[in-house]
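Participant: I'll drop the sequence and a predicted model, then ask my questions.
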Amino acid sequence: MVWLHENLLISVAPNGLVFVKPTIRRAILSKMLNEILDTRVMVKNSMGIQGMGHSFVKLQNSRQLALKYIANVTYGYTSASFSGRMPCAEIADSIVQTGRETLEKVRVPICTFNTRQSN
């Protein structure tokens, strides 16, 4: 479980890895991924502009998919120990375990809501 220690300004990931809060120091990987994902959102939003032709929308869709792939490869690269350039399996494990924990937290309310809607 990710928890924040208010006095120390840290986050502890499910695998025990400790991170400082972004207000203390923002990681380069975080900065890079945020920039890529923000750009992807911008490109996706441009696809909805009225009056743009089919070829423009197709081009923008290709661009946003490329940005998505870059973000996914960047994450995957952190756990790629064979490359020897930037392996950090602990970060990759932390991302996966935090995501899994988040999904498990929202699963219960969603299932409860769906059960109530069915009755």
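Facilitator: Noted; the coordinates are in hand. Residues are numbered from 1 along each chain as shown.
Participant: any chance you could map the helices in the chain?
Facilitator: Here the chain has its helices, by DSSP state H, at 28-46, 54-78, 89-118.
Participant: what would these look like in a markdown table with mean neighbour count and mean pLDDT?
Facilitator: Quick note: C-beta positions are derived from backbone N, CA and C, even for glycine. Output for the helices of the chain, formatted as a markdown table (neighbours: other Cβ atoms under 10 Å; pLDDT from 0 to 100):
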| stretch | mean neighbour count | mean pLDDT |
| --- | --- | --- |
| helix 28-46 | 14 | 90 |
| helix 54-78 | 14 | 86 |
| helix 89-118 | 12 | 78 |
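Participant: Looking at the ones you listed, spot the one closest to Lys21.
Facilitator: Closest approach to Lys21 among the helices of the chain is made by helix 28-46 (11.3 Å; Cβ to Cβ).
Participant: Give me the contact list for that closest one.
Facilitator: Contacts with helix 28-46, where a contact means Cβ atoms under 8 Å, 6 or more residues apart in numbering, come from 22, 52, 60, 63-64, 67-68, 70-71, 74-75, 78, 91.
Participant: Go again with 10 Å.
Facilitator: Contacts of helix 28-46 with the rest of the structure, by Cβ atoms under 10 Å, 6 or more residues apart in numbering, involve 19, 22, 26-27, 52, 56-57, 59-68, 70-71, 74-75, 77-78, 86, 88, 91, 95.
Participant: Same question for stretch 63-71.
Facilitator: Taking Cβ under 10 Å, 6+ apart as the rule, stretch 63-71 contacts 32-47.
Participant: 8 Å instead?
Facilitator: Leu33, Ile36, Leu37, Thr39, Arg40, Val43, Lys44, Met47.
Participant: so how far is Ile70 from the second one?
Facilitator: In other words, Ile36. When distance is defined by Cβ to Cβ, to the nearest Å, Ile36 is 6 Å away from Ile70.
Participant: Likewise for Phe19?
Facilitator: As judged by Cβ to Cβ, Phe19 and Ile70 stand 23 Å apart.
Participant: now Ser62
Facilitator: Noted for Ser62: a distance of 13 Å to Ile70, by Cβ to Cβ.
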